[in-house]
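**Student:** Provide a 3D model corresponding to the input given below.
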Amino acid sequence: MSTVPPDQISSLARSLGRNPAVRRIRALLIARRSSEAVMVALAAVVGLVTGLLAVALIMLVEAVQEVSFGSLPDVPAVLLMPALGGLVVGLLTWKAVPEARGSGISSVMMAIAVRGGRIRPIVGPGKLVASAVSLGTGASGGREGPIVQIGASVASSIGRFFALDEERLRSLIAASAAGAMAASYNAPIGGMLFAIEVIVGGFNIRSLQTIVVSAVIASVTARQIIGEALIYNPPQYTLVHPWELGLYAGLGLLAVAVGIGFSRLEQLVEQATRHLRVPHPLVTAGGALMVGAIALAVPEVLGSGDRLPDVLGVNTEPVAAMLDGEFSLQFLLLLLFAKMLASGIALGTGSAVGSFTPLIVLGAALGGAYGQVAAMVLPVEGLNPGAYALVGTAGVVAAGAHAPLTGVLLVFELTGSYELVLPLMLTTGLATFISERVTTGSLYTRPLLEAGVVYAEPEDVDIMQTVRVGEIMSTGVETIGPRQSVAHLREALRRSRHHGMAVVDERDPGDPRLVGIVTLTDLAGTVGSSTGDLAAERHIAVEEICTRQPLTVTPDDPVFRALRRMASIDVGRLPVVAPEDHGRFVGLVRRADVVKAYQRAVTRGLGAQQRQASSRLRNLAGATFVELIVREGAPVAGRAVREVSWPTRTILTSIRRGGDLVLPSGDTVLEIGDEVVVLTDSDTTADVRGLIAGESQPRAST
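**Tutor:** Numbering: from 1, shown residues only. I've put the predicted structure just below:
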C-alpha cells in the first residue's frame with residue numbers, strides 16, 4: 001500500500017489554495033460563513049472526510065496486523081511486535097507529532113478550550129499513521145479516540161481555511177467528533193450524543209445541526225464501504241423479573257469502581273513515566289513490551305477487543321463472546337484485570353490508541369462476571385449473564401466518560417437490542433451520579449483539570465469559571481478550636497472584625513481537620529447573648545453552636561462553584577478542603593477573595609478578546625498571537641525585555657501578572673508565572689515558545 005508523503009500533501013494543498021476557482025469559492029463562503037446553510041455544508045464535508053478516514057484507519061490497522069502477526073511464530077510475535085510498534089510510534093510522536101500520543105480526545109478538548117479550536121494540519125496524518133501502527137501491532141486500546149482527533153484536525157483546517165470564528169469552529173470540531181464515533185461504531189445516534197455530552201459539554205442547539213449532519217454522513221459513508229453489519233450481535237436479552245433491577249443497580253455501583261480505577265491507573269502510569277530519564281520512544285516501546293508480556297498470558301488484551309490477530313488460541317472477538325456468555329467466571333475476572341492493566345499502560349506510556357473501547361471491554365467483562373455470580377447465588381430460571389455483560393458496557397462508559405446517554409444509545413446501536421432499556425437507564429444513571437460525586441473530572445476532562453483548564457464553552461460559562469479557588473483563597477487564616485469557649489470565640493471575632501470563622505481541630509498540626517463553621521449569627525443564639533450573662537459563655541464549647549458538615553470547595557474548583565454555594569445558603573465564606581481528603585482544612589474563601597477572582601478573570605478575558613480581534617491580522621499578514629506562561633528555567637525568566645534576543649518581527653504586547661495587566665517596556669523584567677502575549681510570524685512560533693515556556697516544539701507545516 002503506497003502513501004503520499006506529507007510534503008506532497010502540503011504542496012497540493014497550497015496549489016489548490018492558489019487556484020482561481022477555489023479562491024472564488026472560498027471568498028464566497030467566507031462572505032456567507034455566518035449562514036447556517038454554509039455551516040451545514042461544511043459539516044457535510046467534514047462528515048464525508050471523517051467517514052473516509054475512519055475506513056482508512058480500519059483498513060490500515062488490518063493491513064499492519066496481518067504483516068505483524070503473520071511473519072513470526074506466535075510467542076515472539078506477541079512479545080516483540082507491540083514493542084517494535086511502540087518504538088515506531090514513540091519516534092513519530094517524540095518530535096514530529098507529540099499531539100498524537102494517547103487517546104487524542106483530551107487533546108482535542110484542550111485545543112478547543114485553550115487554542116480556540118486550532119489544531120496543526122500535520123496532526124491528522126500523523127495520528128492516522130501512529131494509530132495504525134499501535135493498533136496493528138497489538139497495543140491495547142481503541143480506534144475511536146484516534147479517529148476523533150484525526151477528524152478534528154480536518155475540521156480545524158477546513159474551519160480556518162474559511163475563516164470561521166471560534167464559536168463556529170468549535171461546532172465544526174464537535175461535528176467531526178460525532179462523525180468519527182458514528183463511523184467507527186456504525187452508530188450515528190451514539191456519535192451525536194458523544195459529541196454533545198463529551199466534546200460540547202452539554203446540549204447546545206447552535207451546534208446540533210452540524211453535529212447531526214456530520215454523524216449521519218460519516219456513518220453512511222462508512223457503511224457503504226465496510227458494510228451495515230452490527231459490530232456485536234448478541235441474543236435478544238430481556239428483563240426476566242422486575243426485582244432484577246436491584247441487581248442492575250448493584251452493577252452500576254461496581255461500574256463506578258472500574259471506570260474510576262481505569263482512569264486512575266492511566267493517570268498513575270503517566271505520572272510515573274514523567275520521572276523517567278529516558279527518551280520518549282523508549283518509554284512507549286517499554287510500555288508496549290509490557291502489554292506484549294501481559295498478552296502472553298491473556299492474548300485477548302491485544303488491540304481493541306474485536307478482530308484480534310489469530311495468535312495463541314485467542315478468541316478473535318472477545319467482546320462478542322462475552323455478550324454471548326461464552327467465558328467462565330475465572331477468565332472474565334482475569335480478563336478484567338489484564339485489560340485494565342494493559343490499556344492503562346499503553347495509554348499512559350504514549351501509544352496512539354483510544355480509551356473509549358477499553359471501557360466497553362471492561363464493562364462487558366465486569367457485567368459478565370457479575371451476572372455469573374448472580375446466577376450462582378440466585379438460581380432463578382432465565383437469569384442470563386450475557387445480559388449483564390451488555391448492560392455493564394454502558395455502565396462503565398457512563399462512569400468513566402460521564403456520558404450516560406452515549407452509553408445507553410451506543411449499546412442500542414452496537415447490538416440492535418432495545419429490550420434492556422430500563423436496566424440500561426438505571427445502571428448508567430446511577431454510575432454517572434456516583435462517579436461525578438466521588439471523583440473530579442471524567443476520563444477526558446481530568447488531563448484538562450490537571451492543567452488548570454475547566455472545560456466548557458466560553459459563552460456558556462460564568463466569568464468566574466476561568467479562575468480556580470486555589471488562586472484566590474486565603475491561607476494561614478485564624479481559626480477557632482472546637483473545644484474553645486464561646487467567650488474566646490466572641491473575643492476573636494471582635495479582634496479580627498470577621499463575621500465568622502472556620503472551626504478546625506489542630507491537635508495534629510500537620511493534619512488540621514475541619515469540624516464546621518461558626519458565625520456571628522450562631523453566637524447571637526447562645527445563652528449568654530440572650531440572657532446578658534456573658535460569663536456563661538466560658539462554659540459553652542464552640543463545637544456546640546457551630547454548623548457542622550458545612551458546604552465546602554477544593555482548591556481545584558472554579559470560583560463560580562464557590563459563589564453558587566455561598567449564594568445557596570447566603571453565607572460570606574466557605575471552607576476550602578484538600579481535593580484528596582475533604583476533611584482536611586487548607587484555607588477559606590471569602591467575599592473579598594471573590595473580588596480578586598473577578599479582577600483576575602477580567603484580565604484573562606483580555607487575552608480572549610485580543611485573540612478574537614487579531615484574527616483578521618493573522619489571516620492577512622501571516623502573523624499570530626501566542627499566549628504563554630513564563631516557566632521556571634525558561635531563557636527569559638528574570639531578564640528584562642530588552643535583554644532577550646527575540647526573533648525578527650516579534651512584539652511583546654502584554655503581560656498578565658497576578659490580577660494586573662502590565663504593558664511591557666524594555667526595562668520590564670519577566671517573572672516566572674507571567675502570562676505573556678506575543679505577536680510573531682507563524683514560522684517563528686516555536687522559537688518564541690522556546691524562549692518563554694522553555695518548550696522545544698516542531699514548527700508547524702505550512
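**Student:** domain ranges for the chain?
**Tutor:** 30-226, 244-450, 464-597, 614-693 (automatic domain parsing).
**Student:** of all these, which lies closest to residue 234?
**Tutor:** Residue 234 lies closest to domain 244-450 among those, at 3.9 Å (CB to CB). The way it works is simple: take the backbone N, C-alpha and C, and place the C-beta from them, glycine included.
**Student:** before we move on, back to that, next, format the domains of the chain as a markdown table and append distance to residue 235, mean neighbour count and mean pLDDT.
**Tutor:** Formatted as a markdown table, those follow (distance: least, CB to CB, whole Å; neighbours: other CB atoms under 10 Å; pLDDT from 0 to 100):
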| stretch | distance to residue 235 | mean neighbour count | mean pLDDT |
| --- | --- | --- | --- |
| domain 30-226 | 19 | 23 | 88 |
| domain 244-450 | 7 | 22 | 91 |
| domain 464-597 | 44 | 17 | 81 |
| domain 614-693 | 55 | 16 | 79 |
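**Student:** could those go into TSV alongside distance to residue 236?
**Tutor:** Shown next, in TSV, are the domains of the chain (distance: least, CB to CB, whole Å):
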stretch	distance to residue 236
domain 30-226	18
domain 244-450	6
domain 464-597	44
domain 614-693	53
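**Student:** and of the ones you listed, who's closest to residue 232?
**Tutor:** Of the domains of the chain, nearest to residue 232 by CB to CB is domain 244-450, at 5.0 Å.
**Student:** Quick check: end-to-end length of the closest one?
**Tutor:** This stretch, domain 244-450, spans 40 Å end to end (CA to CA, to the nearest Å).
**Student:** and residue 383, helix, strand or coil?
**Tutor:** coil (DSSP: H, G, I helix; E, B strand; the rest coil).
**Student:** what about it, distance to residue 246?
**Tutor:** 13 Å (CB to CB, to the nearest Å).
**Student:** Repeat that for residue 655.
**Tutor:** The spacing between residue 655 and residue 246, counted by CB to CB, is 60 Å.
**Student:** what about the helices in the stretch 451-600 of the chain?
**Tutor:** 469-472, 486-496, 520-524, 527-531, 559-569, 591-613 (DSSP state H, counting those that start in this stretch).
**Student:** same question, the stretch 1-150 of the chain
**Tutor:** Per DSSP H, counting those that start in this stretch, the stretch 1-150 of the chain carries helices over the ranges 6-18, 20-31, 36-69, 74-91, 105-115, 123-136, 144-161.
**Student:** Quick one: closest of those helices to residue 694.
**Tutor:** helix 105-115 (17.8 Å).
**Student:** just the angle between that closest one and helix 144-161, please?
**Tutor:** Interaxial angle, helix 105-115 versus helix 144-161 (axes from the mean of the first three to the mean of the last three CA atoms, to 10 degrees): 30 degrees.
**Student:** ok, and what's touching helix 105-115?
**Tutor:** The contact list for helix 105-115, computed with CB atoms under 8 Å, 6 or more residues apart in numbering, reads 99, 117-119, 145, 148-149, 152, 156, 170, 173, 177, 198-199, 354-356, 444-448, 451, 453, 455-456.
**Student:** Now do it: distance to the chain's middle.
**Tutor:** Its chain's C-alpha centre and that of helix 105-115 lie 9 Å apart, by CA atoms, centre = their mean, to the nearest Å.
**Student:** Run through the residues that contact the closest residue to residue 436 other than its chain neighbours.
**Tutor:** Nearest residue to residue 436, sequence neighbours excluded (CB to CB, 6 or more residues apart in numbering): residue 402, at 6.1 Å. Taking CB under 8 Å, 6+ apart as the criterion, residue 402 is in contact with 197, 198, 432, 435, 436, 442, 445.
**Student:** Which single one of the residues you listed is nearest to residue 61?
**Tutor:** Using CB to CB, residue 198 is the member of the contacts of residue 402 that lies nearest residue 61, at 23.1 Å.
**Student:** is it fair to say that closest one lies in a strand?
**Tutor:** No: secondary structure of residue 198 (three-state DSSP): helix, not part of a strand.
**Student:** does it really touch residue 403, like I thought?
**Tutor:** Yes: taking contacts as CB atoms under 8 Å, residue 198 lies within contact range of residue 403: 5.6 Å.
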